[in-house]
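In: Next comes the sequence, and after it the predicted model I'd like to discuss.
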Amino acid sequence: MSSPTSLLIRRARIYLPTSEFTIGDVLIRDRQIVEVAPEISPNATSTREIDAFGLTLLPGVIDPQVHFREPGLEYKEDLFTASCACAKGGVTSFLEMPNTRPLTTTQAALNDKLERASTKCLVNYGFFIGATAENLPDLLEANPTPGIKIFMGSMHGPLLIDQEAGLEAIFKEGKRLIAVHAEDASRISQRRKQFAGIHDPAIHSQIQDNQAALLATKLALKLSQKYQRRLHILHMSTAEEADLLREYKPSWVTAEVTPQHLLLNINAYEEIGTLAQMNPPLRSPHDNEVLWQALRDGVIDFIATDHAPHTLEEKAQEYPNTPSGMPGVETSLALMLTAAMSGKCTVAQVANWMSTAVASSYGIPNKGAIAPGYDADLVLVDLNTYRPVLREQLLTKCGWSPFEGWNLTGWAHTTIVGGQLAYHEGKVNTEVRGQALSFS
Ligand code: DOR
């Protein structure tokens, strides 16, 4: 699978920037899309051709919230294994979170991640800078980064900013995007005491309840309004938060939801136990439906996986000693396209929520659309066949998925990163490398 000078994708069902689909060809040269037309004749012998008859061509998924564990926690995942999983899942770019070891709270730590990614990442990458009580100058100057990550709850150590004064100090300085993990730390610690001694993981959703999420989201919105500060609400999980945003959502605020908060709920604990434990926790079937509606109505802007792998050994401990989090990059696109095929939404909406809207919200130039001049980050999906999620086929180092056994369609047939075939017909090309993303 060496990379040819140019690549011609023939007879694909192409997602256009108008949100319509057309059957046609796409010509790629030097990492970019150069032509989209009903029929393109190759004029160079070095052009590789892919016959995409029956397949749908979408802009590559940009996953705007992942935890890839490198440096420091590579026993769970690393940038190479995670990016292989991305390629298999149709994810061509990711934005990664700062809770690695060391924490990504300085320019030096950010540079280290960028350097590591340049040598081992099959897909494109960007890294958040994490806020602590002490690193305001780093937050103002770090570059390149999609924004500042604040953990308002569900975190221990320096990355936790749970007091209003500490949050305000960050909101009032600078302009760059602030992305919040919105859960109220003091409500959670009080409820943890109240429910101490219960080892059923289902209690997790009651300890870190809807109210804990709502309180923190309200506070973040209040500060964002006070300073007109660009705010992004990460993995929104409750009906209450969706209702709040439906009533009041300034133009500078965006929100995301994960496939697991749309498709799994508290009933999952019975079947998969602590594998269903994540932060913010899974909610009720009612929350699932309200989140779906908010997504369809544009109250929620896009999808992120919050890919947060932990080993099966760690997950096999007794709650509450088990870590929160589940992997997601390998299954997110197929899950959402399966939902589309079952009538929950359209394929065009999935393409928007998983690529176009992410690129425009984070100001990532030249990504998120299939048109001349855009980067050739693409995924060809097969919407005709269904295949189950099988543990033995997973590439994430943690080796499990909360969706094992789910029968899905829309699996990636070919994933193209900068014009190179990173995944094709069941094989990952480990030679392919992505590039650092920029943010405007
Ligand atoms: O469940 C979670 N786990 N949620 C987060 O936001 C962090 C993550 C992790 O890093 O394990």
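Out: Great, that's in hand.

In: use CA for all of it now, contacts and neighbours both
Out: Noted.

In: shaky segments in this structure?
Out: 1-4, 44-45 (pLDDT under 70).

In: Pull out the buried positions in the longest helix along the chain.
Out: Taking DSSP state H as the criterion, the chain has its longest helix at helix 210-227. For helix 210-227, a neighbour-count test (16 or more other Cα atoms under 10 Å) marks 210-217, 219-221, 223-225 as buried.

In: these two touch, right, L395 and S83?
Out: No. Shown here, L395 and S83 do not form a contact pair, counting by Cα atoms under 8 Å, at 9.2 Å.

In: the more surrounded of these two?
Out: Set L395 next to S83 and count neighbours by other Cα atoms under 10 Å: S83 wins out with 33 against 22.

In: Let me see the ranges of the strands in the stretch 251-400 of the chain.
Out: Listed in chain order, the strands found in the stretch 251-400 of the chain under DSSP state E, counting those that start in this stretch are 253-257, 302-303, 378-382, 387-388.

In: Relative to M152, tell me which of the ones you listed wins on proximity.
Out: Set against M152 and scored by Cα to Cα, these come closest in strand 253-257, at 15.6 Å.

In: so the closest one versus helix 210-227, what angle?
Out: Calculated by axes from the mean of the first three to the mean of the last three Cα atoms, to 10 degrees, strand 253-257 forms an angle of 160 degrees with helix 210-227.

In: does any part of strand 253-257 sit near the ligand?
Out: No. Remark: strand 253-257 sits outside contact range of the ligand, by Cα under 6 Å from any ligand atom, the gap being at least 12.1 Å.

In: re earlier: which of the strands of the stretch 251-400 of the chain sits most buried?
Out: Burial among the strands of the stretch 251-400 of the chain, expressed as mean neighbours by mean count of other Cα atoms under 10 Å, is greatest for strand 302-303, which shows a mean of 30.

In: List the contacts of that strand.
Out: Outside strand 302-303, the residues that touch it by Cα atoms under 8 Å, 6 or more residues apart in numbering are 63-64, 255-259, 295, 352-354, 357-358.

In: quick one: strands adjacent to it?
Out: strand 253-257 (parallel) (DSSP bridges).

In: Report the distance from the strand it pairs with to the chain centre.
Out: Mean C-alpha position of strand 253-257 versus that of the full chain (Cα atoms, centre = their mean, to the nearest Å) differs by 12 Å.

In: Send me it as PDB with only the CA atoms.
Out: Once side chains and other backbone atoms are set aside, the C-alpha atoms of strand 253-257 remain, and they are given as PDB (Å, rounded to 0.1, in the frame of the first residue of the first chain):
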ATOM      1  CA  VAL A 253     -21.400  28.400  23.000                       C
ATOM      2  CA  THR A 254     -21.300  24.900  21.500                       C
ATOM      3  CA  ALA A 255     -22.000  21.500  23.000                       C
ATOM      4  CA  GLU A 256     -21.300  17.900  22.100                       C
ATOM      5  CA  VAL A 257     -22.700  14.500  23.000                       C
END
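
In: In contact with A82, which residues?
Out: When contacts are counted by Cα under 8 Å, 6+ apart, A82 is found next to F68, L395, T396, K397.

In: Go again with 6 Å.
Out: Contacts for A82 (Cα atoms under 6 Å, 6 or more residues apart in numbering) come out as T396.

In: repeat for W400
Out: Applying Cα under 6 Å, 6+ apart as the definition, the contact partners of W400 turn out to be R391.

In: could you check the distance from it over to the ligand?
Out: Counting by Cα to the nearest ligand atom, to the nearest Å, the separation of W400 from the ligand is 14 Å.

In: Got the phi and psi for that residue?
Out: Dihedral angles of W400 (phi, psi; degrees, to the nearest 10) stand at phi -150, psi 170.

In: Check the one 3 residues further on too.
Out: The phi and psi values for F403, taken as degrees, to the nearest 10, are phi -110, psi 20.

In: The one 5 residues further on too?
Out: Main-chain dihedrals, L408, degrees, to the nearest 10: phi -120, psi 150.

In: Could you report the neighbour count for it?
Out: In terms of burial, L408 registers 22 neighbours under the definition other Cα under 10 Å.

In: so it makes contact with Y386?
Out: Yes. In terms of Cα atoms under 6 Å, L408 counts as a neighbour of Y386; the distance is 5.1 Å.

In: And F68, how close does it get to the ligand?
Out: When Cα to the nearest ligand atom is applied, the distance between F68 and the ligand equals 8 Å.

In: so where does that residue fall, helix or strand?
Out: Here F68, judged by DSSP states H and E, is contained in no helix and no strand.

In: Please tell me how far it sits from F80.
Out: Counting by Cα to Cα, to the nearest Å, the gap from F68 to F80 is 9 Å.

In: Pick out whichever of those two has more residues nearby.
Out: Set side by side, F68 and F80 give different neighbour counts by other Cα under 10 Å, the larger being at F68 (29 against 21).

In: Close to the ligand: what parts of the stretch 51-200 of the chain are there?
Out: So the stretch 51-200 of the chain meets the ligand at H67 (Cα under 6 Å from any ligand atom).
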